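K.L.:
Okay, here's the prediction I keep looking at, along with the sequence it came from:
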Amino acid sequence: MKRRFAVVGLGTFGFQLACELERLGGEVLAIDRNADVIQDIRDKVSRAVVCDALERDSMREIGVADVDVVIIGFRSRLDTSILATMYVQELGVKDVIVQAVSDDHRRALEKLGATRVIFPEKDMAVRVANQLLAPNLVDFLWSAPGYSVVEAKAPPVFVGKSLIELDVRRNYGVTVVAVRSAAGGAATQPTPEGPVPFVPTPDYVFRQNDDLILFGKNEALRDFPTQ
């Protein structure tokens, strides 16, 4: 059964998120009070409706209470964002994700019961900054103080050797969380978007062009070899 999402507010972030959720297999209800925006997204999601997020009865009538997750994507006015969060909570939605612009905004949303508060621009800035500081890594996927999860190409020194033989944790100070192998095979099943990551066993032998998902301290990740 598909997970059902409602994306409320189709600015740049909300519009792109709604399209990507639908592309990845979700069932998306896209909501905005701008009819032109709804027209633009209508063919890209399961359902698109012109509606004001502050009209509780209208939100109930279009089925917001029936979705699994609501993402509130607008933030131009903090009072509107906060009221929309409160109204969605009153409709009984369990999982409410809201875009915020400041720590004060975040605290207000969390007090109202927002499940998760996000800062898209801040998150992207952190991601780009880390990429610039560690160009040997392909991508930063997640970070917390002092630690990160990143994607990196398997260095040539890894090719033909097993995970246990390399003793990656001891020798490099990082943990190989998953591998995405371009070679395919029993361990990883290709999809239209590329191979699916898998957790490697200790005897897994690395191949050329393997992508590694690594976890560790930022210093160790920045020192991870590329040759």
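P.N.:
Noted; the coordinates are in hand.
K.L.:
Show me this protein divided up by domain.
P.N.:
Using automatic domain parsing, the domains assigned to the chain come out as 4-118, 123-222.
K.L.:
just the strands in the protein please.
P.N.:
Along the chain, the stretches classed as strands by DSSP state E are 4-8, 27-32, 47-50, 69-72, 95-99, 116-118, 139-144, 147-153, 174-180, 190-191, 194-195, 211-217.
K.L.:
The fifth one - what's its average pLDDT?
P.N.:
Right, the one you point to is strand 95-99. Summarised as a single mean, pLDDT over strand 95-99 is 92.
K.L.:
If you count neighbours, what's buried in that strand?
P.N.:
Buried residues in strand 95-99, counted by 16 or more other Cβ atoms under 10 Å: 96-99. From N, CA and C alone the C-beta is placed, and that goes for glycine too.
K.L.:
Of those, just say which sits nearest to Leu24.
P.N.:
Looking at the buried residues of strand 95-99 and their distance to Leu24, the nearest is Ile97, at 15.6 Å (Cβ to Cβ).
K.L.:
thinking again about what came up before, which of the strands of the chain sits closest to Val168?
P.N.:
strand 174-180 (5.5 Å).
K.L.:
What is the closest one packed up against?
P.N.:
Contact here means 3 or more Cβ pairs under 8 Å, 6 or more residues apart in numbering; DSSP states H and E; on that basis strand 174-180 packs against helix 168-172, strand 211-217.
K.L.:
related to what we said a few turns ago, so which two of the buried residues of strand 95-99 are the farthest from each other?
P.N.:
Taking Cβ to Cβ, the two most distant members of the buried residues of strand 95-99 are Val96 and Gln99; they sit 11.4 Å apart.
K.L.:
Need the overlap of contacts for the two.
P.N.:
Common contacts of Val96 and Gln99, defined by Cβ atoms under 8 Å, 6 or more residues apart in numbering, comprise Ile72.
K.L.:
returning to what we had before: out of the helices and strands packed on strand 174-180, which gets the lowest mean score?
P.N.:
Sorting these by mean pLDDT places strand 211-217 lowest, at a mean of 89.
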